[in-house]
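S.K.: here is the input, now give the coordinates:
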Amino acid sequence: MSERVVRRLAAILAADVVGYSRLMGRDENGTLARLKAHRAERLEPTLARYGGRLVKLTGDGALVEFPSAVDALNAAIAFQQAVSEANHDQPEDMRIVFRIGLHLGDLIVDGDDLYGDGVNVAARLETEAPPGGIVVSRAIREAVEGRLKAKLHALGELALKNIERPIRAFRVEWDEAHWKTMGAEAPRPVIPAEPTTSTLALPDKPSIAVLPFQNMSGDPEQEYFTDGITEDIITELSRFHSLFVIARNSSFSYRGQSPDARQVGRELGVRYVLEGSIRKSSNRIRVTGQLIDTLTGNHIWAERYDRVLEDIFVVQEEVTQAIVAAIAPQIESTEQSKAARRRPDNLSAYEIALLAWAHAWQGHATADRALVEQAIAEATDALAIDPRSVLALHTIAYARGILLLLWVENQDDAHRDAMLAAARAIAARAIEVDSADALGYALRGWCVLNSAQVTRYPEALADARRAHEMNPNDVFVLWCLAWLEAAMGDHERAIEHGHQILRLNPRDSRCYETYHMLGFASFGAKKYAEGIAWELRAINDKPGMLQPYAVLARCYVGANEIDKARAVFAEAQSRAPEYFRNRLEGKSFHARPEDQKRGITFLRIAAGLEDPSAADALR
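M.R.: Below you'll find the model as predicted:
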């Protein structure tokens, strides 16, 4: 008879040191001494206070078990705060900074050790935490909500390495005044503080957020279909210039929750919230929708639609027009024709394309080339069924744009040109099929930007501007436009549009991409202090993204902080020497020669290849 496996439910804390190898390379003995001091003087007392059990040390990290999720998060915050205060008098390049991940799950007990999926999730969440920060799973959030002085900001569904299912995660923010362990003023663990979303003012025009519809089919595999219908409704509403529509990523940050509409209104700065559900069974579908006034909490419109599945696109149009009629009566009836897109010729092709689009999006977010290529294959299958599937064409153009951006760094010019031509041809085909769809124009411009073919930037900018005129609420369109404006030298307009993106998308887990764009535009505008602040935010949210380090080093040179510029460059170059070699040799996304020269010169100064005085005439 086999021995029974012993299990128990517990909260698991995983922690490790940011940049440990770099610290050891600089000062092996000193780093080890400081790490041991943190363990003895801060970690062990914190665990004793909150009932934590040290399962094991993992070189520069630790795995800790708590019987209570509340105690686990209390301990995590108290420890991070104590470390932050201890680092206050340490030079920046000597500070030991931790990341922490927390998960509540069922664990396998083997003597003093713990195993199982719960341990793996905590360890993977730790890698998603910013330096000095904490990321927790949904299970932790649900256990601690309202029970301690901290805010939990949704990061959306994260695809974690070697974890089969997406994990809904939250970043922890705390007020140091509630957690201070000593009298001296200490820096906050997150630098700089992110803009708050809790007091956003209502726009001048009618404003709405469409929350992710609930999948009532009982089949998790149908989530992509429910999400796709929700995204389509957001897209249709976004076409109306008279509306202010919150972007998809911020709306979807509420997935899996049942938030009060008034809370959503405060956090997103909108007057109206649409929520609903979709039940799909065989060839029948039921869609329900409720429109809520966030100021009063009153329902101002509600409807239920029972249809055969082929009529889902008719339901989309009816829902959109009903919402427009309810909240924006000033829109003339003739404008409502904008909500009538070309319907797919085949529903199964549409469903395959929805799945492909979801995979492309996820592959971009996780830099997973296999997933991006899978999306292309799936979208190609959809086109074999319906050659006029706009969503499939968009997916292929988007996925090929991702390949251009992330995986053709060292390809020869002929290969890059061929890839760009193929991507642009697909986007052009989407425009041909549906010339009223803004996304096709935006994708055609985006592919040019990703290829860094500056001679083609003017036509790409024209595409982006046309897309923005067609749909001013689409954040991807606005993001493409802002990047192309910054690359072409219209830096102030790019900064203006960057702030607009953050307002349309205040809860986006990928705000780091917008922060980086704002840093790039600020460098172009010679606003070096602002560029430093934006790129620090980008790095804080996504330490693994390389591009912000290059711009940050340039901005430090612009601000005449040469030592910081060289420290940033040295750390980043050690991680990706080929990437920075290409940029030192002249690869640039700037179209204007003066911007190109300034960028390359400042980066060479940061690399120690030129004298700092070379920057004087360019600042």
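S.K.: in this protein, what residue spans correspond to strands?
M.R.: Shown for the chain, the strands assigned by DSSP state E span residues 6-17, 53-58, 61-66, 98-110, 113-115, 134-137, 151-158, 167-173, 207-210, 214-215, 244-245, 272-281, 284-293, 299-308.
S.K.: deepest in the core, which of these is it.
M.R.: strand 134-137 (a mean of 29; mean count of other Cβ atoms under 10 Å). To be clear about C-beta, it is placed using only N, CA and C from the backbone, and glycine gets the same treatment.
S.K.: turn the strands of the chain into TSV, including distance to residue 225 and mean pLDDT.
M.R.: Formatted as TSV, the strands of the chain follow (distance: least, Cβ to Cβ, whole Å; pLDDT from 0 to 100):
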stretch	distance to residue 225	mean pLDDT
strand 6-17	33	82
strand 53-58	41	83
strand 61-66	39	87
strand 98-110	29	84
strand 113-115	36	77
strand 134-137	25	93
strand 151-158	16	85
strand 167-173	19	88
strand 207-210	16	89
strand 214-215	8	87
strand 244-245	22	89
strand 272-281	6	86
strand 284-293	9	84
strand 299-308	14	81
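S.K.: of all the ones you listed, which one is nearest residue 35?
M.R.: strand 6-17 (6.8 Å; Cβ to Cβ).
S.K.: which strands and helices lie in contact with the closest one?
M.R.: Packing partners of strand 6-17 (3 or more Cβ pairs under 8 Å, 6 or more residues apart in numbering; DSSP states H and E): strand 61-66, helix 69-86, strand 98-110, helix 117-128.
S.K.: direction included, what does the first one pair against?
M.R.: Strands adjacent to strand 61-66 in the sheet, as given by DSSP bridges, are strand 6-17 (antiparallel), strand 53-58 (antiparallel).
S.K.: quick one: contacts for residue 353?
M.R.: Counting by Cβ atoms under 8 Å, 6 or more residues apart in numbering, residue 353 touches 344, 378-379, 382, 389, 391-392, 395.
S.K.: would you check which pair of the residues you listed lies furthest apart?
M.R.: Most distant of those, by Cβ to Cβ, are 344 and 378, 14.9 Å apart.
S.K.: run through the helices of the stretch 401-550 of the chain in chain order.
M.R.: Along the stretch 401-550 of the chain, counting by DSSP state H, counting those that start in this stretch, helices occupy 413-433, 438-451, 457-470, 475-488, 491-504, 511-524, 528-541, 547-558.
S.K.: out of the ones you listed, nearest to residue 88?
M.R.: Nearest of these to residue 88, taken as Cβ to Cβ: helix 528-541 at 18.1 Å.
S.K.: relative to strand 151-158, how tilted is the closest one?
M.R.: If you take axes from the mean of the first three to the mean of the last three Cα atoms, to 10 degrees, helix 528-541 sits at 70 degrees to strand 151-158.
S.K.: tell me the angle of helix 528-541 relative to strand 167-173?
M.R.: 130 degrees.
S.K.: starting at the chain centroid, how far to helix 528-541?
M.R.: From the chain centre to the centre of helix 528-541 is a distance of 16 Å (Cα atoms, centre = their mean, to the nearest Å).
S.K.: now do that helix: which elements does it pack against?
M.R.: Short answer (3+ Cβ pairs under 8 Å, 6+ apart): helix 528-541 packs on helix 511-524, helix 547-558.
S.K.: list the contacts of the shortest one.
M.R.: Among residues not part of helix 547-558, those counted as contacts by Cβ under 8 Å, 6+ apart are 512, 515-516, 519-520, 522-523, 526, 528-529, 531-532, 535-536, 538-539, 542, 562, 564-566, 568-569, 571-572, 580, 583, 598-599, 602-603, 605-606, 612, 615, 619.
S.K.: buried ones among the residues you listed?
M.R.: 512, 515-516, 519-520, 522-523, 528, 531-532, 535-536, 538-539, 542, 564-566, 568-569, 572, 580, 583, 598-599, 602-603, 605-606, 615 (16 or more other Cβ atoms under 10 Å).
S.K.: for the stretch 351-500 of the chain, which residues score under the pLDDT cut-off?
M.R.: 408-411 (pLDDT under 70).
S.K.: kindly recompute the last result at 80.
M.R.: For the stretch 351-500 of the chain, the stretches with pLDDT under 80 are 365-367, 407-413.
S.K.: how far away is residue 390 from residue 401?
M.R.: Applying Cβ to Cβ, to the nearest Å, the value for residue 390 to residue 401 is 16 Å.
S.K.: meant to ask about residue 595
M.R.: To residue 401, residue 595 is 23 Å away according to Cβ to Cβ.
S.K.: and those two? Which one has more around it.
M.R.: residue 401 (29 against 20; other Cβ atoms under 10 Å).
S.K.: so who does the nearest residue to that one once chain neighbours are set aside touch?
M.R.: With sequence-adjacent residues excluded and distances taken as Cβ to Cβ, 6 or more residues apart in numbering, residue 401 is closest to residue 447, at 4.4 Å. By Cβ under 8 Å, 6+ apart, residue 447 lies in contact with 397, 400-401, 404, 420, 423-424, 427, 460.
S.K.: and which of those is nearest to residue 26?
M.R.: residue 404 (36.7 Å).
S.K.: hmm, residue 423 and that closest one touching each other?
M.R.: Yes - shown here, residue 404 and residue 423 form a contact pair, counting by Cβ atoms under 8 Å, at 6.5 Å.
S.K.: picking that back up, out of the strands paired with strand 61-66, nearest to residue 149?
M.R.: Among the strands paired with strand 61-66, strand 6-17 comes nearest to residue 149, with 18.2 Å by Cβ to Cβ.
S.K.: re the thing from before, including distance to residue 206, could the strands paired with strand 61-66 go into TSV?
M.R.: Converted to TSV, those look like this (distance: least, Cβ to Cβ, whole Å):
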stretch	distance to residue 206
strand 6-17	44
strand 53-58	53
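S.K.: looking at those, which is nearest to residue 175?
M.R.: Of those, nearest to residue 175 by Cβ to Cβ is strand 6-17, at 21.0 Å.
S.K.: what angle separates that closest one from helix 69-86?
M.R.: Compare the direction of strand 6-17 with that of helix 69-86 by the same axes, to 10 degrees and you get 20 degrees.
S.K.: so residue 603 touches residue 582, yeah?
M.R.: No - Residue 603 is not in contact with residue 582 according to Cβ under 8 Å; the separation is 10.9 Å.
S.K.: any idea how far residue 204 lies from residue 296?
M.R.: In terms of Cβ to Cβ, residue 204 sits 20 Å off from residue 296.
S.K.: the two: which is more packed in?
M.R.: Just comparing residue 204 and residue 296: by other Cβ under 10 Å the higher neighbour count belongs to residue 296, 11 against 7.
S.K.: what's near enough to touch residue 521?
M.R.: By Cβ under 8 Å, 6+ apart, the contact set of residue 521 is 482, 485-486, 491, 494-495, 498.
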